[in-house]
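**Student:** Predicted coordinates and the sequence they were generated for:
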Amino acid sequence: MGILSRSAVARKPNETMRLIVTTFVGVVFGFLIGVSFPTLSLTKLNLSSSLLPSVDLSYNEKGKSSISDFYSYVKKNSSSTQYQRPNDTSKIWVPTNPRGAEMLPPGIVEAKSDYYLRRLWGKPSEDLTTKPRYLVTFTVGIKQKNNIDAAVKKFSEDFTILLFHYDGITTEWDDLEWSQRAIHVSVRKQTKWWYAKRFLHPDIVAPYDYIFIWDEDLGVEHFNAEEYIKLVRKHGLEISQPGLEPNKGLTWQMTKRRGDREVHKQTEEKPGWCTDPHLPPCAAFVEIMAPVFSRSAWRCVWHMIQNDLVHGWGLDFALRKCVEPAHEKIGVVDSQWIVHQTVPSLGSQGESQNGKAPWQGVRERCRKEWTMFQMRVANAESAYFKAMEMYNSTTAH
């Protein structure tokens, strides 16, 4: 400190004057920057809504709209000819917020939710002692209560349990200890894919690393959920299912359990069934009875589920469109396996028409939906590539 004091005393008058001038200029420059910056501030940016379709609506994994994303947008677009200065500085307009929430400041936007149960009292910050990392759903009727009880007990407290009741019966499950902490959703005579489309939106299940969407008629004596998750992570599976016990309920060779390995991703089928060894049903394929999705894979699959096609038939052949390379990221976990008991529960939820049994009408609807889904996928892809071809031809000239 003594050396610094002596240096200050020894300065010449012209050096002192230069220091004063430099300091004054710096203060003025900083003031000007401070005055101009609020015109681009968080609460005073106002852009035309016509620009919204071209804006990347990004927000972080926790569901909070990011202030840094907003400032990045401002910096990127401030020199653009499309950029507009705010007309009314008392208004809020944040284009990086989720669609529909542009008039809110990012700090208040809560874009995602969860199925965590909360108290009606106390501090919100103290509601959750744990946050389950995984979600398992079963679409159930009361006749399969014992089977579901056995299945749920294979899942630890690190799983949120969600039951979809297609028969409208819920209170009869209350005597099961775990039922008190489970989520119960009841709508009569609906399928699990109807429920999934309406209650498993990606922004609702975003906190969960993996989502199990299972039928009610699965035997789980040889299944452990925690070990299953370890194997899925180890082998890099984004979409998976447990292997099926070979002698019961088997439709496809791909889902047949193999006793000599942990996981398999390819198989051989009947002659002529597979045009490519990397395509379904020889690879990139699991069935819809017991699929498990990673968070990112489910975000894509959910958007592919058709709102009016409730049985999900044909979806298993299209899952490969949501991960890449599909033949590496879709597979069957053999060392954690289940038994498909093939209980025709949904058939009893149909109605008898034209002299046909209820289950016959349900099965016919399933087949029709499979054909409709295939046509929609093919038409959508054809329309996309045709549009891209037209676009490329016009931009080339």
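**Tutor:** Looks like it arrived, so ask away.
**Student:** contacts, neighbours, all on C-alpha from now
**Tutor:** Fine.
**Student:** Tell me the helices and strands packed up against the helix ranked longest in the chain.
**Tutor:** Ranked by residue count and defined by DSSP state H, the top helix of the chain is helix 358-395. Judged by 3 or more Cα pairs under 8 Å, 6 or more residues apart in numbering; DSSP states H and E, helix 358-395 is in contact with no other helix or strand.
**Student:** Check the model's average confidence along it for me.
**Tutor:** Per-residue pLDDT over helix 358-395 has a mean of 91.
**Student:** Please spell out which residues along it are buried.
**Tutor:** 358, 359, 360, 361, 362, 366, 369, 370, 373, 374 (16 or more other Cα atoms under 10 Å).
**Student:** In a strand, residue 337, correct?
**Tutor:** Yes - secondary structure of residue 337 (DSSP: H, G, I helix; E, B strand; the rest coil): part of a strand.
**Student:** which residues sit in contact with residue 243?
**Tutor:** If you count contacts by Cα atoms under 8 Å, 6 or more residues apart in numbering, residue 243 has them with 255, 256, 257, 258, 332, 333, 334, 335, 336, 337, 338.
**Student:** change it to 6 Å
**Tutor:** 255, 256, 257, 332, 333, 334, 337 (Cα atoms under 6 Å, 6 or more residues apart in numbering).
**Student:** that older thread, and which of the buried residues of helix 358-395 is nearest residue 105?
**Tutor:** Nearest to residue 105, judged by Cα to Cα, of those is residue 373 at 40.8 Å.
**Student:** ok, now how distant is that closest one from residue 382?
**Tutor:** 14 Å (Cα to Cα, to the nearest Å).
**Student:** what do you get for residue 325?
**Tutor:** Distance from residue 325 to residue 382, by Cα to Cα: 21 Å.
**Student:** what's the answer for residue 375, then?
**Tutor:** In terms of Cα to Cα, residue 375 sits 10 Å off from residue 382.
**Student:** so where do the helices sit in this structure?
**Tutor:** 2-10, 13-36, 67-77, 145-152, 192-199, 225-234, 295-304, 315-318, 326-329, 358-395.
**Student:** low-confidence ranges in the stretch 1-150 of the chain?
**Tutor:** For the stretch 1-150 of the chain, the stretches flagged by pLDDT under 70 are 1-87.
**Student:** same deal with the stretch 201-350 of the chain?
**Tutor:** Judged by pLDDT under 70, the stretches of the stretch 201-350 of the chain that qualify are 247-249, 344-350.
**Student:** what about the strands in it?
**Tutor:** Remark: strands assigned in the stretch 201-350 of the chain by DSSP state E, counting those that start in this stretch are 210-214, 218-219, 239-244, 263-264, 292-294, 330-340.
**Student:** Mind giving me the packing neighbours of the longest one?
**Tutor:** Taking 3 or more Cα pairs under 6 Å, 6 or more residues apart in numbering; DSSP states H and E as contact, the helices and strands that strand 330-340 lies on are strand 218-219, strand 239-244, strand 263-264.
**Student:** most packed of those?
**Tutor:** Most buried of these, by mean neighbour count (mean count of other Cα atoms under 10 Å): strand 239-244, with a mean of 28.
**Student:** Run the angle between that strand and strand 210-214 for me.
**Tutor:** 50 degrees (axes from the mean of the first three to the mean of the last three Cα atoms, to 10 degrees).
**Student:** tell me the contacts of residue 134?
**Tutor:** Residue 134 neighbours (Cα under 6 Å, 6+ apart): 159, 208, 209, 210.
**Student:** For the last one, name its beta-bridge partners.
**Tutor:** So the one you mean is residue 210. residue 134, residue 294 (DSSP bridges).
**Student:** Tell me who's in contact with it.
**Tutor:** 134, 293, 294, 295.
**Student:** and the residues you listed as CSV, adding distance to residue 305?
**Tutor:** Below are the contacts of residue 210 laid out as CSV (distance: Cα to Cα, whole Å):
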residue, distance to residue 305
134, 21
293, 14
294, 16
295, 16
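**Student:** quick check, nearest of these to residue 221?
**Tutor:** Of the contacts of residue 210, the one sitting nearest to residue 221 (Cα to Cα) turns out to be residue 134, at 20.3 Å.
**Student:** now that closest one: how far from residue 162?
**Tutor:** Counting by Cα to Cα, the gap from residue 134 to residue 162 is 11 Å.
**Student:** do residue 96 as well
**Tutor:** 33 Å.
**Student:** Give me the more crowded residue out of the two.
**Tutor:** residue 96 (25 against 20; other Cα atoms under 10 Å).
**Student:** circling back: quick one: which of the contacts of residue 134 is most hemmed in?
**Tutor:** residue 210 (24 neighbours).
**Student:** Tell me how far that one lies from residue 180.
**Tutor:** Distance, residue 210 to residue 180, by Cα to Cα: 22 Å.
**Student:** quick one: terminal-to-terminal distance for stretch 199-208?
**Tutor:** 14 Å.
**Student:** Also stretch 291-298?
**Tutor:** 10 Å.
**Student:** Please apply the same query to stretch 149-161.
**Tutor:** 11 Å.
**Student:** Over to stretch 261-268?
**Tutor:** Note: stretch 261-268 ends 16 Å apart using Cα to Cα.
**Student:** From residue 193, how far off is the closest residue in space to residue 213 that isn't next to it in sequence?
**Tutor:** Setting aside the residues directly before and after it, residue 213 is nearest to residue 137 in space (Cα to Cα, 6 or more residues apart in numbering), at 5.0 Å. Distance, residue 137 to residue 193, by Cα to Cα: 11 Å.
**Student:** Counting neighbours around each, name which of these two comes out higher.
**Tutor:** residue 137 (26 against 23).
**Student:** contacting residues for that one?
**Tutor:** 162, 163, 213.
**Student:** Can you lay out those as TSV showing distance to residue 287?
**Tutor:** Output for these, formatted as TSV (distance: Cα to Cα, whole Å):
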residue	distance to residue 287
162	21
163	20
213	11
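**Student:** As JSON lines, the strands of the stretch 201-350 of the chain with distance to residue 286 would be great.
**Tutor:** As requested, the strands of the stretch 201-350 of the chain are exported to JSON lines (distance: least, Cα to Cα, whole Å):
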{"stretch": "strand 210-214", "distance to residue 286": "12"}
{"stretch": "strand 218-219", "distance to residue 286": "15"}
{"stretch": "strand 239-244", "distance to residue 286": "6"}
{"stretch": "strand 263-264", "distance to residue 286": "11"}
{"stretch": "strand 292-294", "distance to residue 286": "9"}
{"stretch": "strand 330-340", "distance to residue 286": "7"}
